[in-house]
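**Student:** Here is my input, please return the structure:
(2 chains)
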2 protein chains.
Amino acid sequence: MKTTALIMAGGRGERFWPRSRKNMPKQFLSLTDDSRTMIQLTVDRILPLVDIKDIYIATNGAYKELVKEQLPGIPDENILCEPVGRNTAPCIGLAAMHILKKDEDALMMVLPSDSLIKDGDRYRELISGGFEIASGHDSLVTMGIRPNYPETGYGYIKYTKDRVLSGYRVERFVEKPSLERAKEYLEAGDYLWNAGMFIWKASVIRKQFENFLPDMIKGLEAIGDAIGTKDEERVLNEIFPTLESVSIDYGIMEKADNIYTIPGDFGWDDVGSWTAVARIRDMDKDGNVIDGNVIAAGVNDCIIQAQDKLVAAVGLKGIVVVDTPDAMLICDKSATADIKKVIELLKSDGREEYL
Amino acid sequence: MKTTALIMAGGRGERFWPRSRKNMPKQFLSLTDDSRTMIQLTVDRILPLVDIKDIYIATNGAYKELVKEQLPGIPDENILCEPVGRNTAPCIGLAAMHILKKDEDALMMVLPSDSLIKDGDRYRELISGGFEIASGHDSLVTMGIRPNYPETGYGYIKYTKDRVLSGYRVERFVEKPSLERAKEYLEAGDYLWNAGMFIWKASVIRKQFENFLPDMIKGLEAIGDAIGTKDEERVLNEIFPTLESVSIDYGIMEKADNIYTIPGDFGWDDVGSWTAVARIRDMDKDGNVIDGNVIAAGVNDCIIQAQDKLVAAVGLKGIVVVDTPDAMLICDKSATADIKKVIELLKSDGREEYL
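**Tutor:** Numbers count the residues shown, from 1 in each chain, chains lettered A, B, ... in the order given. As a prediction, the model looks like this:
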């Protein structure tokens, strides 16, 4: 049974401003000690399991050239440009149409383009197990991540003892919890983080769209019918924007049954904000991650990404400094969520050049 | 009796790096809400008391052009270039030789080039009183500053109740104290900060050099004899470097008697480090002083001097940020004394371009 993959790469990565920009978002940047970009790492990681000709990249048109540049092996027609962002359900449905057009029996995995996996071998081992469950049982499979602290920024997956191969039957999906609730989940031991990684047969997820998103699947089928015809782009541009903007979690996963989750112990990190850099990079003895032209005196627990300009850091603790040719961020680690306020101010002031 | 002034402007201002540079030190920068530089403010402040033709600037040769540019009214021959820095006693002695050459009876005031005075009228009133004491009693007069906190970075002046006009007889000069001692001085009420501002007859300070620095005055007289001759520069360059490097406080003031001090209540600030900027500039409602292209979100008690490059400051508290075209400082307010470590590292690494 053919294995295929959809990598979702339409995000803006605003939390990595000012390095991540409208024209060069996070997934196209190198943020680790590896010189490859996040999306290159994502593709290379699955290549032993999926032929590059069967990897699809969903993104928006503005990033098509970046995808072609960074991933020259991906066929042009596999770069799926969403006319507008419509959350994950329409994106996944669109990819399923393309995959089914070529092979009604194909297995499909769905991945974010910007998470980090430390143990690639273990990752591929568990993904292979997921393919087995999805192919043998027509199940929806989701890779869960064992929580090690009460994160409130992720959804959770509650699983049961009912097991098929490496997968546990999912009892329910839970939206982002309060801290108190997250602590309960951590303690309970049968909750995993929902990391947005899915495995299923393309035909099975189509069936779930029919069950739970019947209007959406009609639009998707119309788009699917036009694939490969001269009307393909016109139909996509006409219909896709009319699809409901809804996540696959809310639209399908929370409603479907026959879902299995595999607890993923492969060193996952969502690289969700600048503070993640301290987890995914080598630190010096003072807990700093420092790049570029920097002099540091009495500096602890800082992330400093300088370029050519000399950055002299003195007496700093827990500060993120990111320099770029036209903009510099200086942010307390506890306040990285407020970087979006900067983006909002730039937008409302019409300072497009910095976005 | 003619009044003259010596403004000492040879300092490097390293604590104001990276704006203050080897080729453009602090006294030639504007650091206040006024666009005039520190040395321009210093000269303008005394012009009602001293003819510009009687103002002398002691500096080093590298800054001669800066002085001419910023103070075009100062006669060329009044710009005294020290061949090497030899602390304040040789500097003051050199100026006294120049002043005495023109007028044996001249009064002389000595000022730093980079302190700030908020109340210029009161300042000039007290300086005038100082000229009166110095001319009428052949005294050495020093302007003291009433301490309002136990500063350990200044010397102190202990004065008695014995009074002449606005001046109090000085009992002794005290070097930089411990914090405990500084607290005692603050409590005692009869100690003032030594701000390095002096008033005396040029002939009287020459006499004190003869008393307490007899070797130095011999060298200074030889230099004085050559002033106006073709040998002036050669003699200066030969002899000045041989003079003992000693401060006027240690060399003379701590040993002489007949010293009076005037408590100066004119809003003095030595503008000694970046944290002074918060005292001498207007702050916003969050206690920040912000210049240039800055977006601030959740920022308190910060000093941010940006230029064209956008600086986005998020969640910062008590941080100094100073951008320049080639170097940027990011420093906790509590650590500004460690800026010298950066300078030392730059020196030891031979990175002259940043000094």
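**Student:** Those residues of the stretch 201-350 of chain A touching chain B, which are they?
**Tutor:** Within reach of chain B by C-beta under 8 Å from any C-beta of the partner chain, the stretch 201-350 of chain A has these residues: A:295, A:297-298, A:309-317, A:319, A:321, A:323, A:326-332, A:334-336, A:338-339, A:341-342, A:345-346. Placement of C-beta: from N, CA and C, glycine included.
**Student:** redo that, cut-off 7 Å
**Tutor:** The stretch 201-350 of chain A has residues A:295, A:297-298, A:309-316, A:321, A:326-332, A:334-335, A:338-339, A:341-342, A:345 near chain B, with proximity defined as C-beta under 7 Å from any C-beta of the partner chain.
**Student:** Please indicate which of the residues you listed are buried?
**Tutor:** Neighbour counting with 16 or more other C-beta atoms under 10 Å in any protein chain shown marks A:295, A:297-298, A:309-316, A:321, A:327-332, A:335, A:338-339, A:341-342 as buried within these.
**Student:** what separates A:K22 from chain B, distance-wise?
**Tutor:** 15 Å (C-beta to the nearest C-beta, to the nearest Å).
**Student:** What is the neighbour count of the closest residue to that residue other than its chain neighbours?
**Tutor:** The shortest distance from A:K22 to any non-neighbouring residue, by C-beta to C-beta, 6 or more residues apart in numbering or on different chains, is to A:L355 (4.6 Å). Around A:L355 sit 16 other residues, with neighbours defined as other C-beta atoms under 10 Å in any protein chain shown.
**Student:** still on that earlier bit, narrow the residues of the stretch 201-350 of chain A next to chain B to those in strands?
**Tutor:** Here DSSP state E is the test, and those give A:295, A:297, A:310-314, A:321, A:327-332 as lying in strands.
**Student:** how about these in CSV, adding pLDDT and distance to B:I46?
**Tutor:** Formatted as CSV, these follow (pLDDT from 0 to 100; distance: C-beta to C-beta, whole Å):
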residue, pLDDT, distance to B:I46
A:I295, 97, 39
A:A297, 96, 38
A:L310, 98, 38
A:V311, 98, 40
A:A312, 98, 36
A:A313, 98, 40
A:V314, 98, 35
A:V321, 98, 43
A:A327, 97, 44
A:M328, 97, 41
A:L329, 98, 45
A:I330, 98, 40
A:C331, 98, 45
A:D332, 98, 44
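**Student:** ok, back up a step: would you agree the residue nearest to A:K22 is in contact with A:M24?
**Tutor:** No - between A:L355 and A:M24 there is no contact under C-beta atoms under 7 Å: 11.0 Å.
**Student:** Am I right that A:P90 is in contact with A:L243?
**Tutor:** Yes - contact status for A:P90 versus A:L243: in contact at 4.2 Å, counting by C-beta under 7 Å.
**Student:** Now for those two: what residues contact both?
**Tutor:** Residues touching both A:P90 and A:L243 (C-beta atoms under 7 Å, 6 or more residues apart in numbering or on different chains): A:M216.
**Student:** Which of these two has more residues huddled nearby?
**Tutor:** Set A:P90 next to A:L243 and count neighbours by other C-beta under 10 Å: A:P90 wins out with 29 against 24.
**Student:** Secondary structure class of that one, three-state.
**Tutor:** helix (DSSP: H, G, I helix; E, B strand; the rest coil).
**Student:** just wondering, since we're on it, how far is it from A:L71?
**Tutor:** 22 Å (C-beta to C-beta, to the nearest Å).
**Student:** circling back to that earlier point, quick one, what contacts the residue nearest to A:K22?
**Tutor:** A:R21, A:K22, A:I343, A:L346, A:K347.
**Student:** Identify the residues contacting A:A296.
**Tutor:** Counted by C-beta under 7 Å, 6+ apart, A:A296 has contacts A:N288, A:I290, A:A313.
**Student:** hmm, 10 Å instead?
**Tutor:** A:284, A:286, A:288, A:290, A:302, A:304, A:311-316, B:330, B:341-342, B:345 (C-beta atoms under 10 Å, 6 or more residues apart in numbering or on different chains).
**Student:** and if you look at A:Y63?
**Tutor:** A:9-11, A:22-25, A:27-28, A:39, A:57, A:69-70, A:79, A:81, A:113.
**Student:** the helices in the stretch 251-355 of chain A, which residues?
**Tutor:** A:277-280, A:339-348 (DSSP state H, counting those that start in this stretch).
**Student:** and if you look at the stretch 101-250 of chain A?
**Tutor:** A:120-137, A:179-188, A:202-212, A:214-226, A:232-239, A:248.
**Student:** Packed most tightly, which of the ones you listed would that be?
**Tutor:** helix A:248 (a mean of 25; mean count of other C-beta atoms under 10 Å in any protein chain shown).
**Student:** Please name every helix or strand in contact with that helix.
**Tutor:** helix A:88-102, helix A:202-212 (3 or more C-beta pairs under 10 Å, 6 or more residues apart in numbering or on different chains; DSSP states H and E).
**Student:** Repeat the analysis, applying 6 Å as the threshold.
**Tutor:** helix A:88-102 (3 or more C-beta pairs under 6 Å, 6 or more residues apart in numbering or on different chains; DSSP states H and E).
**Student:** Now tell me what touches the helix it packs on from outside.
**Tutor:** Residues from elsewhere that reach helix A:88-102, judged by C-beta atoms under 6 Å, 6 or more residues apart in numbering or on different chains: A:4, A:6, A:8, A:56, A:58, A:80, A:106, A:108, A:110, A:202, A:205-206, A:209, A:220, A:224, A:227, A:243, A:246-248, A:251.
**Student:** returning to what we had before: closest one to A:G267 out of the contacts of A:L355, please.
**Tutor:** Checking these against A:G267 by C-beta to C-beta gives A:R21 as the nearest, at 28.3 Å.
**Student:** Please tell me how far the closest one sits from B:E125.
**Tutor:** When A:R21 is compared with B:E125 (using C-beta to C-beta), they lie 58 Å apart.
**Student:** try A:I319
**Tutor:** 47 Å.
**Student:** Over to A:G228?
**Tutor:** 92 Å.
**Student:** Bridged to A:I290, which residues?
**Tutor:** Bridge pairing for A:I290 (DSSP bridges) gives the partners A:I304.
**Student:** So it is in contact with A:I304, correct?
**Tutor:** Yes - using C-beta atoms under 6 Å, A:I290 is in contact with A:I304, at 4.7 Å.
**Student:** center of chain A - which residue?
**Tutor:** Ranked by distance to the mean C-alpha position of chain A (C-alpha atoms, centre = their mean), the top residue is A:P112 at 2.3 Å.
**Student:** OK, contacts around that one?
**Tutor:** A:M8, A:G196.
**Student:** Just give me the neighbour total for whatever residue of the stretch 101-250 of chain A ends up closest to chain B.
**Tutor:** Relative to chain B, the nearest point of the stretch 101-250 of chain A is A:G153 (17.4 Å; C-beta to the nearest C-beta). Other residues within reach of A:G153, judged by other C-beta under 10 Å, total 12.
**Student:** Excluding chain neighbours, what is closest to it?
**Tutor:** Nearest one to A:G153, counting by C-beta to C-beta, 6+ apart, is A:K176 at 6.3 Å.
**Student:** Distance to A:D162 and mean pLDDT added to the helices of the stretch 101-250 of chain A, as a markdown table?
**Tutor:** What follows is the helices of the stretch 101-250 of chain A, written out as a markdown table (distance: least, C-beta to C-beta, whole Å; pLDDT from 0 to 100):
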| stretch | distance to A:D162 | mean pLDDT |
| --- | --- | --- |
| helix A:120-137 | 12 | 96 |
| helix A:179-188 | 17 | 96 |
| helix A:202-212 | 19 | 98 |
| helix A:214-226 | 29 | 98 |
| helix A:232-239 | 39 | 97 |
| helix A:248 | 23 | 96 |
